[in-house]
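Peer 1: got a sequence here, can you model it:
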Amino acid sequence: MRSKWLDHKGQNIMYADYTRFSEDVEGLKKEVDAVEAEIVRCPENTVRFLVDVRETAGIPEITLFEDVDTALDWLAES
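Peer 2: The predicted model follows:
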């Protein structure tokens, strides 16, 4: 997994590194699944999330969480 937790001023941030996956759809799917698995291990409303998608084309069949409401349960309000 290329993505990782970062510490910024005492705050944990999940840095989702989806860079340079434009030709590797399966690799991107694995990375997205790994990030999701990390996020759901945390208490709800606690995850700060930074996504880097440089040099990666949009792929409609890949999503983080099945629906937006589920994802929002884990993301911290800022």
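Peer 1: ok, Tyr15 - contacts?
Peer 2: Residues in contact with Tyr15 (Cβ atoms under 8 Å, 6 or more residues apart in numbering) are 3-6, 50, 52. In this view, the C-beta of every residue, glycine as well, is placed from N, C-alpha and C.
Peer 1: quick one: it is in a helix?
Peer 2: No: in this structure, Tyr15 is strand, not part of a helix, as judged by DSSP: H, G, I helix; E, B strand; the rest coil.
Peer 1: for it, give the beta-bridge partners.
Peer 2: Lys4, Leu50 (DSSP bridges).
Peer 1: so where's the chain shaky on pLDDT?
Peer 2: Applying pLDDT under 70 to the chain flags residues 58-78.
Peer 1: by residue count, tell me the biggest helix in it.
Peer 2: helix 25-39 (DSSP state H).
Peer 1: and the residue sitting furthest away from the middle of the chain, how far is that from Met1?
Peer 2: Residue farthest from the centre of the chain, counting by Cα atoms, centre = their mean, is Lys9 at 20.2 Å. Note on Lys9: its distance to Met1, by Cβ to Cβ, to the nearest Å, is 24 Å.
Peer 1: again, but for Phe49
Peer 2: According to Cβ to Cβ, Phe49 and Met1 sit 15 Å apart.
Peer 1: quick one: which of those two has more around it?
Peer 2: Phe49 (15 against 12; other Cβ atoms under 10 Å).
Peer 1: residues contacting the closest residue to the more buried one other than its chain neighbours?
Peer 2: Distances taken as Cβ to Cβ, 6 or more residues apart in numbering put Met14 closest to Phe49, at 5.1 Å, once the chain neighbours are dropped. Under the criterion of Cβ under 8 Å, 6+ apart, the neighbours of Met14 are 3-6, 35, 38-39, 47-50.
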